[in-house]
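J.: fold the following and give me the result.
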Amino acid sequence: MTDATIGEKILGIDPGLNITGYGVLEITASGPKLREGGVIRGGSDRSLEARLRELYTGLNEVLDAFQPAAMAIEELYSHYERPRTAILMGHARGVLCLAAAQRDIPIMHYASTQVKRMLTGNGRAPKNQMQLAICRELGLAAPPEPPDVADALAIALCHHHLGRKVA
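T.: Numbering: from 1, shown residues only. Sure, this is the predicted structure:
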């Protein structure tokens, strides 16, 4: 990826079947600025199919509203003791990637350790350290809530920083 163009938007996604966090950054002359952060709720009391449809529909609404130039999404990670969790998360990531792919939006995948290392220098940084990094980078008085939003913004910031270095 080359340097982002002023006015372009990067969409960061922290995928989850129950709650998917998203964050939209707009590239400005003074750096990335927060446009919006929020969550898409799949709901824990619904069928898998209904939850996936809700994630797909919710992300399409975000894509319609902001028309991002790129989507950055966290890679799938799961402990080997919980293979079912990895499978369910794979479904969620799949429909989220499909929504962007149908619009020809480039999708980049980042490991959580890569995102943490990029923003804090520590690939195993705790959540509170990540939230402080998000506040510092975006000039926020308080960390975005819920934490899924901060994670999504961290993914978008990682993409922005890596994109600028690859030019």
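J.: average pLDDT across the host helix or strand of Arg84?
T.: Element membership for Arg84 (DSSP states H and E) is helix 83-101. If you average the pLDDT over helix 83-101, you get 93.
J.: now stretch 33-43
T.: When the per-residue pLDDT values of stretch 33-43 are averaged, the result is 96.
J.: just the buried residues of it, please?
T.: Taking 16 or more other Cβ atoms under 10 Å as the neighbour-count basis, stretch 33-43 is seen to contain the buried residues Leu34, Gly37, Gly38, Val39, Ile40, Gly42. For glycine as for every other residue, the C-beta is placed from the backbone atoms N, C-alpha and C.
J.: and those residues, which is closest to Gln102?
T.: Of all those, the one sitting nearest Gln102 is Ile40; the distance, using Cβ to Cβ, is 16.5 Å.
J.: three-state assignment of that closest one?
T.: Put simply, Ile40 is strand when judged by DSSP: H, G, I helix; E, B strand; the rest coil.
J.: what is the neighbour count of the nearest residue in space to it that is not next to it in sequence?
T.: When the adjacent residues along the chain are set aside, Ile40 lies closest to Gly58, with 3.4 Å between them (Cβ to Cβ, 6 or more residues apart in numbering). Neighbours of Gly58 under the rule other Cβ atoms under 10 Å: 19.
J.: just to be sure, Leu11 is in a strand?
T.: Yes. The assignment for Leu11 is a strand, going by three-state DSSP.
J.: measure it to Leu88 for me?
T.: With distances taken as Cβ to Cβ, to the nearest Å, Leu11 is found 22 Å from Leu88.
J.: swap in Gln131?
T.: Going from Gln131 to Leu88 by Cβ to Cβ gives 26 Å.
J.: would you map the strands across this protein?
T.: Assignment of strands within the chain using DSSP state E yields the ranges 9-14, 19-28, 31-41, 70-74, 107-110.
J.: for the shortest one, packing partners?
T.: Contacting strand 107-110 under the criterion 3 or more Cβ pairs under 8 Å, 6 or more residues apart in numbering; DSSP states H and E are the following elements: strand 70-74, helix 83-101, helix 147-166.
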